[in-house]
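Trainee: sharing a model that was predicted from the sequence below.
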Amino acid sequence: MSDKPQTFANHGRVDPPFHFFVLPVALITLILVVVHFFRRFNSQDPWSIVYNTWLVVVAIAAVVAIFRIRLYALKAQDRVIRLEERLRLTAVLQEPLRSRISELADAQFIGLRFAPDAELPGLVKRGLDEKLSCKDIKKAIVNWRPDQHRI
C-alpha cells in the first residue's frame, strides 16, 4: 500500500502479476500460435493442419479463460461491496432515503464506497435524483474514503 492518499485520480489498481505477466504471456502466446498457424497452413500433412488449428483454439480458449476468471473475481467483489454498502447505508441514512436504498444501481453502490459517512446522504440523494453514474459519484466525493482492498 502506498503512503499517498487515495483520490479519484489515483484509485485505480494494477495487479502486477496479472497485468504485467499473465496477460502479456497469454496475448503473446496467442499471437505466436496464430503466426505459426498461417506459416504452416500450406503443409501437405493433414494432421499438421489439425494440430495447428487446435493450438489456435486452445490459445484463444486460454485468453478467454484468463479474462473470464478475472471478471468473475471482480463480479464477486462487486457483490460484496454492494452488500457492505447496503448495510452501511442502512445504518447511516435517515428516512426517507433509507427506504430508497433498493433504488440504487450496483454501480452506484460501488461509487459510494469511497464516500465518508458524512457525505453519504447528499450523494445518495443526488445519485437517486440525478441518476449519477459510478464515475460521477466518485468525482462528487469531497473527502475520499480509501478502499485499499479492491484488486
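Mentor: Nice, I can see it.

Trainee: which parts of the protein are strands?
Mentor: Read by DSSP state E, the chain holds no strands at all.

Trainee: would you list every one of the helices in it?
Mentor: 16-17, 23-39, 46-92, 106-112, 120-130, 134-140 (DSSP state H).

Trainee: possible to save these as a markdown table with mean pLDDT, distance to residue 8 and mean neighbour count?
Mentor: Using the backbone N, CA and C atoms, a C-beta is placed for each residue, glycine as well. Shown next, in a markdown table, are those (pLDDT from 0 to 100; distance: least, C-beta to C-beta, whole Å; neighbours: other C-beta atoms under 10 Å):
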| stretch | mean pLDDT | distance to residue 8 | mean neighbour count |
| --- | --- | --- | --- |
| helix 16-17 | 89 | 22 | 8 |
| helix 23-39 | 94 | 25 | 13 |
| helix 46-92 | 93 | 17 | 13 |
| helix 106-112 | 94 | 10 | 21 |
| helix 120-130 | 95 | 13 | 17 |
| helix 134-140 | 94 | 5 | 17 |
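
Trainee: dump those helices into TSV; add distance to residue 98 as well.
Mentor: Output for those, formatted as TSV (distance: least, C-beta to C-beta, whole Å):
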stretch	distance to residue 98
helix 16-17	41
helix 23-39	42
helix 46-92	6
helix 106-112	14
helix 120-130	9
helix 134-140	18
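
Trainee: relative to residue 6, which of the ones you listed is closest?
Mentor: helix 134-140 (10.9 Å; C-beta to C-beta).

Trainee: then that closest one to CSV, C-alphas only?
Mentor: Output in CSV follows, covering the C-alpha atoms of helix 134-140 (Å, rounded to 0.1, in the frame of the first residue of the first chain):
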residue,chain,number,x,y,z
CYS,A,134,-20.3,5.4,-10.6
LYS,A,135,-17.8,7.8,-12.1
ASP,A,136,-19.9,10.8,-11.4
ILE,A,137,-20.4,9.8,-7.7
LYS,A,138,-16.7,9.3,-7.3
LYS,A,139,-16.0,12.7,-8.8
ALA,A,140,-18.5,14.3,-6.4
